[in-house]
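Peer 1: Structural data only, the sequence is not supplied:
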Ligand code: SF4
Ligand code: SF4
């Protein structure tokens with residue numbers, strides 16, 4: 001069983017209760033393809049400018065997370081033709097944040113959770 005931690009963005013915290021993220025994690029779809037089994041360890045909400053996100057990820061690790069996933073809405077937007085990453089998402093420095101989290105926790109970090117944009121293969125820091 002792989003324990004998964006999820007980091008979401010404060011800009012979306014009152015709009016989406018992670019419905020798609022949790023469904024995909026449970027069903028091992030979209031950003032969670034490839035795990036033999038998954039369970040949610042927990043999730044945290046990043047707050048701008050993201051200074052605390054490494055500490056949040058370390059707490060997730062201490063609670064059993066073996067990988068950290070960053071929500072798709074951090075780098076993609078929903079448009080007329082589905083989710084698209086051309087204009088980015090809520091966070092314009094996501095890859096810097098992911099790199100820092102990976103370096104500090106040594107956990108695999110994955111850019112993506114649910115409703116992946118067409119043709120996008122989740123980037124993994126490992
Ligand atoms: S990726 Fe989708 S389901 Fe997950 S928090 Fe963002 S909008 Fe909600
Ligand atoms: S740093 Fe990025 S992910 Fe964190 S709250 Fe700000 S926009 Fe959202």
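Peer 2: Everything's here; your move. Remember, predicted model here, so these are calculated numbers, not experimental data. Ligands and ions are numbered 1, 2, ... in the order given.
Peer 1: which phi and psi does the residue nearest the centre of the chain have?
Peer 2: Nearest residue to the geometric centre of the chain (CA atoms, centre = their mean): residue 70, 1.4 Å. Backbone torsions of residue 70, given as degrees, to the nearest 10, read phi -110, psi 130.
Peer 1: So it versus ligand 1, what's the distance?
Peer 2: 9 Å (CB to the nearest ligand atom, to the nearest Å). C-beta here means a position set from N, CA and C on the backbone, and glycine is covered the same way.
Peer 1: For beta bridges, what are the partners of that residue?
Peer 2: Beta-bridge pairing for residue 70 (DSSP bridges): residue 7, residue 111.
Peer 1: wait, isn't it in contact with residue 99?
Peer 2: No: Residue 70 lies out of contact with residue 99 (CB atoms under 8 Å); the separation is 11.3 Å.
Peer 1: and residue 102, what does it touch?
Peer 2: By CB atoms under 8 Å, 6 or more residues apart in numbering, the contact set of residue 102 is 108, 109, 125, 126.
Peer 1: Turn those into a markdown table, including distance to residue 17 and secondary structure.
Peer 2: As requested, these are exported to a markdown table (distance: CB to CB, whole Å; DSSP: H, G, I helix; E, B strand; the rest coil):
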| residue | distance to residue 17 | secondary structure |
| --- | --- | --- |
| 108 | 25 | coil |
| 109 | 22 | strand |
| 125 | 26 | strand |
| 126 | 28 | coil |
